Structures are given as structure tokens and as C-alpha cells.
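how would this look folded up:
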Amino acid sequence: MSADIVPLPRKPQPSLDPMLALTAPGMNAVNAVILERMQSEIPLIPRLAGHLISGGGKRLRPMLTLAGAALVGYEGTRHHKLAAAVEFIHTATLLHDDVVDGSELRRGKAAANIIFGNPATVLVGDFLFSRAFELMTEDGSLKVLRILSHASAVIAEGEVSQLTAQRQIETSEERYLSIIGAKTAALFAAASQISAVVAECSDEQERALEDYGRNLGVAFQLVDDAIDYDSDAAEMGKDRGDDFREGKMTLPVILAYARGSEDERRFWKDAIMGHRSSDADLAHAIELMDRHHAVADTRERARHFAQRAVDAISIFPDGKARQAMAEAAQFAVARGY
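Numbering: from 1, shown residues only. The predicted structure is shown next:
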């Protein structure tokens, strides 16, 4: 007697497609603003800015502004310029970040600092920050200006905090979460929150969108830090093991060090100080992380924050916008599998 084996249907992987479809018309307007405002009489500025802006990023942060507006039923156009400002802030921080880290790849191609040099990359980052503030002031809302300018300051503080934690093996999980809450999640939160401000929503709705963005940002960064140790360079758009070689204290390292034996801790101390940075050392680091489930547990924490993001917008009526934003949170933590 034989029986047919009927495979169980596989649950489809979360996708960003519903979010892309939801925000497509608005993103066309945002992209038009970006292209217009990155222009300058100095040819190097649009060349360098365009190298990164047109380099294949998801535009997730400005997408949050557009999605939030759709969620609350806003039908105006003020948020288009503000979403462009959000993208300029993000691009400026990436340009500065690549100089600080000495990165060679960004979004799968040579980083701007490798092609154009550090001085030009820093200065064009400054230019984009300035353009972002022009767009904010044109909107005319002091509250919007306060939210986005505060986020810019918090991002800078987070980058400095990360710099001072670099190669500090005793960095705690709490400090790490504080760093990524500042350097990554602050802009996610602000991008989401300003959509409620322009729509003149209630304080409760504004807080809900801010909470959505903040928790999504933490989840997104946790997965980025996990991907550095469990995905290839093509997936990440950067060199695998960059964080390891730069001595960055990300959560996978923090967990592996905390759970390691005396010999393993000695390895981690040497590695984070920059004394063990070969390909063989990276392979050993990944082996230790697998042994102690450091990457898996980092992803589990990311899922927790993603669920908090989904829960935050449960106060809004169910519909295409809420469903797209919920799936975007699930997509953020499914990356790299």
C-alpha cells in the first residue's frame, strides 16, 4: 500500500511589494523633488550625490512618510517634500558613515569615498543636509522642523556613541540598543511621525506612527547586524565581515562573547582589538556565533521589535495601508534568509 505525499503549502515570504504599490504615486513626486534639489552649479555635487541616490536603495524611510499619510487618510502633497528631506538626511549620514568606516562598498558598488575621495564625500553630505533643512523650512511647520532637526542631532550622537564603543569588548546589550535606537531608529521614527503631523492627527495617532517607525528601525538594524555574519556580500551590498574587521560591537558579537568560554572570550578580545581579522578568523567567529546561537537570537530580538511595530499601528482601521506597513515590518526581519 502506498500513499501520495502531499506537500504542505509554504507560507509566502513577506514582501515589500504591497508597500511599494501603496506608495508608488507619491514616490514619483518625491523622486522628482530629490532629482531637482540635488542639482548644483558645481558639477561634482550632483555627480557624487547621484552615485549614491541612484544606487539602488529601497527608499524605505521616505516610503514610511508616504505610507503613514495613506494610513491616516491624508490627501495633500506637503509630505512629498518632507519625504525627500528624510531621504537627503539619510543619504548624508551614509556618505559621512562610509568616510568614518573607510567602507569600500555601498549598495553593491564602490562607495562614493573610494571614487571621489573623503573630502568631497563629506562636503556633499553636508550639502544634502543643507538641502534637507531647506525643504523642512519651506514646509513652514515648526513642529515638523523640530522633529526632523532633533532626529538629525540624535543620529549624529548615535554615530559618535558607536565610534566610542568601537573595539570596546565590554559594550553591553543595553548600550548597543541605545546606539542603534539613535543612529538608525530615530530617522525611521521621525519619518513616520511627520505624516501624522501634516495630517493634523491626534496625539495618540502621532505616537502610534512614531512607535511604529522606531521599533521598525531597531528591527531593521538588528537584522543588518545579523546579515554581516550570515549572508554573502551580494545580499548585503557590502563586504561580508565589515563589522568584524572594523571592531564594531554589534549584538551577535556581544551575545557570542557573553556566552563564550575563557578561550573564546580571549579570541573575541583579540578580534575586536583588530589582532584577529583574517578570513580564517572571520570563519572562526561565525563558527562561535553558530555554537552560541548569537545570530539566531539577534534575529529573534528583531522579530520582537517588528511585532511591536505592527502592534503600534493596530489602533488604525484595517486596510491596504495598515496591511502593507505590517508586511514591511515582517519583510525587514526576513531579509538575508
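
what about the strands in the stretch 1-150 of the chain?
Taking DSSP state E, counting those that start in this stretch as the test, the strands found in the stretch 1-150 of the chain are 105-106, 109-110.

name the next helix or strand following the worst-scoring helix or strand of the chain on mean pLDDT along the chain.
Least confident helix or strand of the chain, by mean pLDDT, DSSP states H and E, is helix 233-236 with a mean of 46. As assigned by DSSP states H and E, the chain's next helix or strand after helix 233-236 is helix 242-245.

what about that following helix, average pLDDT?
On average, the pLDDT along helix 242-245 is 88.

and the longest helix for the chain?
Secondary structure of the chain per DSSP state H: the longest helix is helix 203-230.

mind listing what's buried in it?
205-206, 208-230 (16 or more other CB atoms under 10 Å). Any C-beta I mention is one placed from the backbone N, CA and C, and that applies to glycine too.

ok, residues contacting stretch 36-51?
53, 84, 88, 91, 95, 112, 115-116, 120-121, 124, 127-128, 131, 134-135 (CB atoms under 8 Å, 6 or more residues apart in numbering).

repeat that for 6 Å
Contact with stretch 36-51 is made by 112, 116, 120, 124, 127, 131, as judged by CB atoms under 6 Å, 6 or more residues apart in numbering.

can you give me the distance of the third one to residue 88?
Looking back up the chat, that one is residue 120. Counting by CB to CB, to the nearest Å, the gap from residue 120 to residue 88 is 17 Å.

these two: which has the busier surroundings?
When residue 120 is set against residue 88 and neighbours are counted by other CB atoms under 10 Å, the residue ahead is residue 88, at 28 against 18.

so for that one, what's the pLDDT?
At residue 88, the model reports a pLDDT of 97.

for the one 4 residues further on, same thing?
Turning to residue 92, the model gives it a pLDDT of 96.

helices along the stretch 151-300 of the chain, start to end?
Assigned helices in the stretch 151-300 of the chain, in chain order: 173-180, 186-198, 203-230, 233-236, 242-245, 251-259, 262-272, 279-291, 294-312 (criterion: DSSP state H, counting those that start in this stretch).
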